[in-house]
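# Build me a model from this:
(one chain, ligands or ions: 1)
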Amino acid sequence: MLLKGKTAVVTGGSRGIGLAIVKRFLEEGANVALCGSREETAQRALDGILAENPDAPVMAIWPSVADEAELEAAFRQVAERFGGLDIVCNNAGISQSTSLDDYTPEEFDKIIEINVKGVLNGCQAASRVLGEGGVIINTSSMVSKMGQPSGVAYPMSKFAVNGITISLARELGPRGIRVNAVAPGVTATDMVACLPEELIAPIEAGIPLKRVGQPEDVANAFVYLASDLASYVTGEVLAVDGGMTV
Ligand code: NAD
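Sure thing, here's the model as predicted:
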């Protein structure tokens, strides 16, 4: 058990990659707070986990990632329930495939609010609540290395996530807090299901390992970075993309 006795928060933990992280962290012995965008979805995910394992040390929270004060209060609530907080995964994110000419200011703002400010807010709240030896892991994307052919705001936001990660690794390192990111490739979640086939098919054909990633592939990288196996790893953006960006 790589995370025994640790307590973690996972934003965007109600489905997809986030839910896989929650489940893998529980398997590795962590206490976990899954963070959803709404009470209903967070509660449903919690019920699903408890139906499989009624004794799982898991709770649900639903602060807005756009509001640092709300996030910080929720993180403190988690720390109170489990006796501390060790790991914060800023995983919540939204995708866009709008072409440049069709973008509206509102669409740009939405991506910035959730994917950039949401991650920054999560890092700030984490910095205020995590103790020495704390870990922050942000969800980036392969598009932070290669861009994408439409929906420029999404890769833009993930380049920003990498910038936040690398800079905060330097700022928080002296306090013993590690900051890393995981950059998934095409991963089989709702986010990918809603993208147009003409965007996904050529990407899939170009994956050296010739398969789309599963949420568990990505969650395993979070387990590694959260654990003491990665105790000398910080400022890293770890690709989990089947070799797509090699
Ligand atoms: P998903 O759509 O299945 O899940 C997204 C999660 O983010 C959900 O739990 C949702 O509740 C949460 N979320 C969305 N808006 C929110 C808001 N306003 N406030 C709080 N939470 C909010 O997608 P996923 O594929 O599991 O994506 C998870 C992360 O992985 C995202 O950051 C995404 O950019 C990244 N990612 C996904 C892929 C992929 O192929 N699926 C690839 C690279 C990166």
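# Spit out the contact partners of the most centrally placed residue in the chain.
What sits nearest the mean C-alpha location of the chain, by CA atoms, centre = their mean, is residue 91, with 1.8 Å. Applying CB atoms under 8 Å, 6 or more residues apart in numbering, we find residue 91 in contact with 10-13, 17-18, 21, 138-139. Any C-beta I mention is one placed from the backbone N, CA and C, and that applies to glycine too.
# Check the spacing between it and the ligand real quick.
Remark: distance between residue 91 and the ligand (CB to the nearest ligand atom, to the nearest Å) = 5 Å.
# same thing with residue 198?
Counting by CB to the nearest ligand atom, the gap from residue 198 to the ligand is 16 Å.
# does the closest residue to residue 243 other than its chain neighbours sit in a helix, a strand or a coil?
Nearest residue to residue 243, sequence neighbours excluded (CB to CB, 6 or more residues apart in numbering): residue 208, at 3.4 Å. Using DSSP: H, G, I helix; E, B strand; the rest coil, the structure places residue 208 in coil.
# again, but for residue 163
Under three-state DSSP, residue 163 falls in the helix class.
# Residue 9 now?
strand.
# Pull the number of nearby residues for it.
32 (other CB atoms under 10 Å).
# now residue 242
Other residues within reach of residue 242, judged by other CB under 10 Å, total 22.
# is it true that it lies in a strand?
No: applying three-state DSSP, one finds residue 242 to be coil, outside a strand.
# if I look at it, how far off is the ligand?
Separation of residue 242 from the ligand (CB to the nearest ligand atom) stands at 11 Å.
# That residue - nearest residue in space that isn't next to it in sequence?
Counting by CB to CB, 6+ apart, residue 242 lies nearest to residue 209, which is 3.6 Å off, once chain neighbours are set aside.
# can you check residue 168 too?
Leaving out its chain neighbours, the residue that sits closest to residue 168 by CB to CB, 6+ apart is residue 179, at 4.5 Å.
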